[in-house]
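> Sequence and predicted structure below; questions after.
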Amino acid sequence: QVQLVESGGGLVQAGDSLRLSCAASGRTFKNYGMGWFRRAPGKEREFVAAIRWSGGTTYYADSVKGRFTISRDNAKNTVYLQMNSLKPEDTAVYYCAAPNKFPIAPMTGESQYDYWGQGTQVTVSS
């Protein structure tokens, strides 16, 4: 059984920073890459960022490019999302996800991901 556990969400003001973490565990888990998605109130879930485990290639949604940074810790099977210059429109539940096979670039499609975390709330006040 594979588990993804997110942490680091919270309530911040516009312009502040937050760092989300997502730790993957499970006897059968093999890390090919991980991604972050978010669902804002009244909207569909959308891609935020992703990283390939081998090589570390990263991908970002245009809305977060230059403000968010995704990174990984191989030894801990953990992915991070550093979020700077947060805006009220970044308010959402953030989910991490992982595929169980080599993902196809740019790793934006939800159908590529087989495992999902429970989500962590990020609220940005103006």
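Thanks, I have the structure now.

> in the sheet, who's paired with the residue nearest in space to the middle of the chain?
Centroid-nearest residue in the chain: residue 36, 2.1 Å away (criterion: C-alpha atoms, centre = their mean). When bridges are called by DSSP bridges, residue 36 pairs up with residue 49, residue 96.

> Need the pLDDT of it.
What the model reports for residue 36 is a pLDDT of 98.

> ends of stretch 90-105, how far apart?
For stretch 90-105, the first-to-last residue distance is 24 Å (C-alpha to C-alpha, to the nearest Å).

> so how many other residues sit close to the closest residue to residue 68 other than its chain neighbours?
Distances taken as C-beta to C-beta, 6 or more residues apart in numbering put residue 83 closest to residue 68, at 5.1 Å, once the chain neighbours are dropped. Quick note: C-beta positions are derived from backbone N, CA and C, even for glycine. When neighbours are defined as other C-beta atoms under 10 Å, residue 83 has 26 of them.

> strand partners of the host helix or strand of residue 5, parallel vs antiparallel please.
In this structure, residue 5 sits in strand 3-7 according to DSSP states H and E. Its sheet considered, strand 3-7 pairs with strand 18-25 (antiparallel) by DSSP bridges.

> buried ones in the strand it pairs with?
Across strand 18-25, burial judged by 16 or more other C-beta atoms under 10 Å covers 18, 20, 21, 22, 23, 24.

> what are the bridge partners for the last one, then?
When you say that, I think you mean residue 24. Residue 24 has these beta-bridge partners by DSSP bridges: residue 4.

> Identify the residues contacting it.
2, 3, 4, 31, 34, 77, 78, 79, 98, 115 (C-beta atoms under 8 Å, 6 or more residues apart in numbering).

> now swap in the first one and tell me
Taking C-beta under 8 Å, 6+ apart as the contact definition, residue 18 lies against 8, 9, 10, 12, 83, 86, 122.

> Of these, which belong to strands?
Using DSSP state E, 10, 12, 83, 122 are the members of these that sit in strands.
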